[in-house]
Every structure is written in structure tokens, then in C-alpha cells.
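> sequence and predicted structure are below.
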Amino acid sequence: MSAHQAQHPVATMCRVLEVSASGYHAWRKRPASKRAQEDGVLLRKIRTIHESSRQTYGVPRVVRELRESGVEVGRDRIARLMRMAGLQGVSRRRFVAEGPNQLWVADITYIPTWAGFLYLAVVLDVWSRKLVGWTMAAHLRTELVLEALQMAIQQRRPCSVIHHSDQGCPYTSFAFGKRCEQLGVRPSMGSVGDAYDNAMAESFFATLECELLERTRFETQARLAIFEWIEGWYNPQRRHSSIGYLSPNEFERRHAPSGELGAPPRTPIQNEMLRAREGLVLESDQPSTQPR
């Protein structure tokens, strides 16, 4: 009511809100409660921390700053005061998907071998963190990302899905856009120079590098090692904190709506890898000698 006194008489507002004018004026003269006074002092400290962080700190960092300065206070209380004051931190953009085959993220990396570089293109389902499409080749042509997309389509058979990537040449090509249109896939691309835009795909590559690439020197078995890591470890067994410490396959088994995930036939690349694991000789690649 105090904020609207310039527009409306106090008596009118009291009548509309069904409160007595005398009660309102008595409340105005009453001193603030001890709790309210403490909140006021605390909010001033919160504003100082928020401003000193260049308006980037959210609740967790504000709480930490307060506690390190000797102020013991609950997280919920800080969150309430910041919400009331309209204060919020800056965070990385987070993709949100409420079910399978709603949002996929895609990217490309290179795999060093003794003979040169092989390129790995991947497609991840944001909902379950499952790698639903991937392929390797000795080139960076559009066919690389088309094959990864085709594998994802064969694996999942989505009704409508957003395919998000960076603005790399394979993803901006006419052929890729045309194929997305034919498959009913909605392409999405991040802004140039946004380091956080495709963070989930980058996180997958960081995991691959840490758990496999940094521990292995490849001669001719890069394809087989990547296949076994993805299909034998990452999708069926590796636990992810973001999905309740379940593996992608287990998370989907427990949470996927009935009928949205099938058991599709093996894709050509899976058959190729299975043949390699059984001891058959793969056709030799002629990998490039330059990374992307």
C-alpha cells in the first residue's frame, strides 16, 4: 500500500483490501521485528557481495562468502532474500529435456594415432546423457556428421527432435541441413565464440580423453577401442552424477516412457566393430595428419 499511495488514497486501498485504516497506520508506526531487522542487515551484506562479484555470484557462492566472513546463515534464507531483492547469479546455459529424443547435442573431436588423426563425430541425448549416434573417419567432410546423425535416427526413431551443434562447417553445410529436413530433425546452432554453448558434448569428450585417450597409444586399433569404450562402458555401465549416478542405459530403462525406446537392429558401424572384435581385419584407413 505504501508503494501505491501516490496513485490511490489509503482509505480506498484499505476498503478494497478489507483492512482497517487505523490498523494500517498502527502497523506503519510499529517497529520492525527482530527477524526483519536481521534480514535487513543480512540483505545489505548480500548486496555488497553480489556487487563485488560483478553481479555474477548466485546463492551458493554468496553463502560461502558469508560463512568465510563469520556469518553463519542458512542457504534457504539467503535464497529467499536474494529472490525478494531480485538478485541472481550468472551461470552457464543449461540444456533441459524432460524425456528421450527431445534434444540431442552433437560435436566432433579428433583421435591421435601413430598414423595420424581420426575424427569422431557424436550425438548425445541430453535427457539421459546416452551416446545415441557416433562415427569415425579420416576426414572432416559432411559425411562424417551425416553418418552419426543417421545412426542416432536408426537407434532412436524420434518423432521430433532438436539437433544442437556448434557452427562447424559440416553442420552448416547444405547437405546436412537438407538431410535434417528429410528426417524431420530440427537443427539448432550455438552462437559463435560461446564456450559454454555445447558444454555437454565438450564434457563427453573430456571424459573420453581422461578415461581412454590419455591412457592409450593407438597404432591401428583406435576404432575398436573407441567402440568398446562407448558400447561396453560409457552407455551401459559408467555412472553419471547428473542422472542419479546411474548409467545412461540404466537411467533410460528406469525412466523412459513406455514405447519411446525400442530395441533397434544393429547399425552398419556396430556390425563393423563387432567384426573387428572377432578378429577380422578392418580395411586400412588413410588418416589425415592435421587436427581440425
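Noted; the coordinates are in hand.
> okay, now Glu72: neighbour count?
Look at Glu72: counted by other CB atoms under 10 Å, it has 7 neighbours. Placement of C-beta: from N, CA and C, glycine included.
> what's it sitting at in phi/psi?
Here is the backbone geometry of Glu72 (degrees, to the nearest 10): phi -90, psi 110.
> how about Gly89?
phi -90, psi 180.
> show me what contacts it?
53, 55-59, 61-62 (CB atoms under 8 Å, 6 or more residues apart in numbering).
> quick check, pLDDT for it.
Per-residue pLDDT puts Gly89 at 79.
> likewise for Arg83?
pLDDT at Arg83 comes out at 85.
> got the buried residues for the helix or strand hosting it?
Assigned by DSSP states H and E, Arg83 belongs to helix 75-85. Neighbour-count burial for helix 75-85 flags 78, 81-82 (criterion: 16 or more other CB atoms under 10 Å).
> mind listing what's buried in the helix or strand just after that helix?
Once the chain leaves helix 75-85, the next helix or strand it forms, by DSSP H and E, is strand 103-113. Residues of strand 103-113 classed as buried: 103-111, 113 (neighbour count, 16+ other CB under 10 Å).
> can you pick the most crowded of the contacts of Gly89?
Val62 leads the contacts of Gly89 on contacts (other CB under 10 Å) with 24 neighbours.
> give me the phi and psi for it.
Torsion angles, degrees, to the nearest 10, at Val62: phi -60, psi -40.
> re the thing from before, among the buried residues of strand 103-113, which pair sits farthest apart?
Leu103 and Thr113 (32.2 Å; CB to CB).
> quick one, grab the pLDDT at His240.
Reported pLDDT for His240: 91.
> circling back to that earlier point, just checking, what packs against the helix holding Arg83?
Helix 75-85 is packed against helix 34-52, helix 59-68, with contacts defined by 3 or more CB pairs under 8 Å, 6 or more residues apart in numbering; DSSP states H and E.
> all good on my end, thank you.
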